[in-house]
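Engineer: here you go, sequence then predicted model.
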Amino acid sequence: MSGDIESLLRQGLADVAASAPQNYDDAGLAALAISGAGRIKRRRRIGAAASGASLLVLGAAVVVWQPWMGLNGDNGLTAADTSTAEAQAELSMEFLVETDLGFEVLNEYGELVPLTDTEPVQVFRLSDSYLYETAHDIGLTSVDGTMGSTIGKQSEDTRTTVNSAGTEYTLATPMDDYTTETYVFSEGVVEVEEALTEFTTSYELTLEDWTDTTTVFTGDLRSTTGQDGVGTYHFNYEMGWGLESVSEAGFETAVIADFADPEFVCVSDLNPGDFTAPDDETCGNLDSALIQDALADAAADADLVSSAVANLRFMYADPTEYMDLGGYDDRFYNVEGYWSDPFGRWLITGNPGEETWLLIDNVTGDEPFLAELAVPDGAVMPVYSAS
């Protein structure tokens, strides 16, 4: 970027910052929150294999992190200052902040949208509302803050997942013995009694994303099929995955990706007309002709599957194995907060009370880079968003 263009851009961003509420101009930081909803269950599964608390959120993969090396000679990653206004303008980033009125969303336009008096553990931006989760409730507030509803969690293990389109969410509740898990689907600012549909699957599967026709789950495929697991299997029948329930809910395809190697998937061609699952699943690498043909035969949403696999690679990435943080290792890992955008656009780590957090920005520059993000006064966490 030329100096003139950069100057004009930064002047525009300065104007955005000047128009925002004064109390939210790149000042301190306050609380901590847990990471994305799907990872609550993942922590139980992969925690024993992780070497420290900081890795429970990140997992292990190669593809995403290797390109994220903004090199500066032999000094490793470079760091650049990113203001709150820049994050709002360039990343459409929104923040949960604590004010005298409670917990509110500071949106990308510098406006405050009130949510709740109870500190949320995570906040999602849907297409027409904000969804927030507390220890005991799920709340929904319209984007202008004028409408809202609250849903009590069925159990303390009930968790939320939002689809990548931002149009629907699920409330997932495991059975007491953790053998199965029921997903209840809803959209917008509605009560759970108005749920669109539901299904019950094995607790060994985790719903990651979906459209009207296609569901994408993760599961432990590699240890079940072996490293050369290409071919046909009978997992639904032999392992009780419960895909007939997914079929009964009206979905045409179920795709299961290995959570440690998301490129390895199994495709199940469901039969929503007679509410049955097929006798077998086709397994292999996503880019193989075998799987591409299976997706086509199953009338799967191929774009959804590809994007979901790419996002899973990001969610399980472990930068310690594949990149040099250039002297920022201590600040990157010895922190209480990890927020990983489920769509691969950014990753933020930080501690309560710090004026800046570390941001890996995968959107703004020609290549991803490490920056120090100045967070707004009273910031609790970034808001997850599909937009």
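Structural biologist: Yep, it's here.
Engineer: run a quick neighbour tally on the closest residue to Thr180 other than its chain neighbours.
Structural biologist: Nearest residue to Thr180, sequence neighbours excluded (CB to CB, 6 or more residues apart in numbering): Thr200, at 5.3 Å. To be clear about C-beta, it is placed using only N, CA and C from the backbone, and glycine gets the same treatment. Per other CB atoms under 10 Å, the neighbour tally for Thr200 reads 18.
Engineer: report pLDDT for the spatially closest residue to Thr118 that is not a sequence neighbour.
Structural biologist: Leaving aside its sequence neighbours, Thr118 sits nearest to Thr134 (CB to CB, 6+ apart; 4.7 Å). As predicted, Thr134 sits at a pLDDT of 91.
Engineer: on that earlier part again, confirm for me that the residue nearest to Thr180 is in contact with Val246.
Structural biologist: No - distance between Thr200 and Val246: 9.0 Å, which falls outside the contact criterion (CB atoms under 8 Å).
Engineer: for the host helix or strand of the residue nearest to Thr180, buried residues please.
Structural biologist: Take DSSP states H and E as the rule and Thr200 turns out to sit in strand 197-202. With burial defined by 16 or more other CB atoms under 10 Å, the residues of strand 197-202 counted as buried are 198-202.
Engineer: any chance you could map the strands in the stretch 151-300 of the chain?
Structural biologist: Secondary structure of the stretch 151-300 of the chain (DSSP state E, counting those that start in this stretch): strands at 159-162, 169-174, 180-186, 197-202, 206-210, 214-219, 231-233, 253-258, 264-269, 281-285.
Engineer: could you dump those into a markdown table and include distance to Val380?
Structural biologist: Shown next, in a markdown table, are these (distance: least, CB to CB, whole Å):
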| stretch | distance to Val380 |
| --- | --- |
| strand 159-162 | 17 |
| strand 169-174 | 20 |
| strand 180-186 | 25 |
| strand 197-202 | 31 |
| strand 206-210 | 25 |
| strand 214-219 | 28 |
| strand 231-233 | 44 |
| strand 253-258 | 31 |
| strand 264-269 | 36 |
| strand 281-285 | 40 |
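Engineer: wait, which of those strands is closest to Leu96?
Structural biologist: strand 159-162 (14.9 Å; CB to CB).
Engineer: contacting residues around the residue nearest to Asp258 when sequence neighbours are not counted?
Structural biologist: Of all residues beyond its chain neighbours, the one nearest Asp258 is Leu221 (3.9 Å), with distances taken as CB to CB, 6+ apart. Leu221 sits next to 229, 256-258, 261, 264-266, 283 when contact means CB atoms under 8 Å, 6 or more residues apart in numbering.
Engineer: and Gly219, by the same measure?
Structural biologist: 204-206, 241, 256-259.
Engineer: now do Ile291
Structural biologist: With CB under 8 Å, 6+ apart, Ile291 has these contacts: 265, 267, 282-285.
Engineer: from memory Pro262 sits against Arg313, does it?
Structural biologist: Yes - counting by CB under 8 Å, Pro262 does reach Arg313; the two are 5.5 Å apart.
Engineer: who's more crowded, those two?
Structural biologist: More neighbours surround Pro262 than the other of Pro262 and Arg313, with 25 against 20 (other CB under 10 Å).
Engineer: okay, helices next: where are they in this protein?
Structural biologist: Assigned by DSSP state H, the chain shows helices spanning 3-19, 38-46, 84-91, 222-225, 235-239, 243-248, 289-297, 302-315, 319-322, 329-333.
Engineer: find the nearest non-adjacent residue to Val267, please.
Structural biologist: Ala294 (4.1 Å).
Engineer: how many other residues sit next to that neighbour?
Structural biologist: Neighbours of Ala294 (other CB under 10 Å): 23.
Engineer: so what's it up against?
Structural biologist: Ala294 neighbours (CB under 8 Å, 6+ apart): 267, 269, 282.
Engineer: and for Trp357?
Structural biologist: So Trp357 contacts 29, 337, 348-351, 372-373, 375 (CB under 8 Å, 6+ apart).
Engineer: most neighbours, which of these?
Structural biologist: Ranked by neighbours (other CB under 10 Å), the contacts of Trp357 are led by Val375, which has 31 neighbours.
Engineer: roughly how far apart are that one and Ala87?
Structural biologist: 8 Å (CB to CB, to the nearest Å).
Engineer: please apply the same query to Thr182.
Structural biologist: Remark: distance between Thr182 and Ala87 (CB to CB) = 37 Å.
Engineer: mind pulling up the pLDDT for the closest residue to Ser306 other than its chain neighbours?
Structural biologist: Of all residues not flanking Ser306 in the chain, Leu286 sits nearest, at 7.2 Å (CB to CB, 6+ apart). If you check Leu286, the pLDDT there is 96.
Engineer: quick check, Leu286 in contact with Val305.
Structural biologist: Yes - using CB under 8 Å, Leu286 is in contact with Val305, at 7.1 Å.
Engineer: I'd like the contacts of Ile291 laid out as TSV, including distance to Phe235.
Structural biologist: Formatted as TSV, those follow (distance: CB to CB, whole Å):
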residue	distance to Phe235
Val265	12
Val267	11
Thr282	11
Cys283	8
Gly284	14
Asn285	17
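Engineer: so how do I select the buried members of the residues you listed in PyMOL?
Structural biologist: In PyMOL, this line selects whichever of those come out buried by 16+ other CB under 10 Å:
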select buried, resi 265+267+282+283+284
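Engineer: from the contacts of Ile291, pick the one nearest Gly273.
Structural biologist: Val267 (18.4 Å).
Engineer: dump the residue contacts of that closest one.
Structural biologist: Counting by CB under 8 Å, 6+ apart, Val267 has contacts 253-255, 281-283, 291, 294-295, 298, 300.
Engineer: redo that, cut-off 10 Å
Structural biologist: By CB atoms under 10 Å, 6 or more residues apart in numbering, the contact list for Val267 reads 253-256, 278, 281-284, 286, 290-298, 300, 305.
Engineer: and the end-to-end length of stretch 109-119?
Structural biologist: Stretch 109-119 has an end-to-end distance of 23 Å (CA to CA, to the nearest Å).
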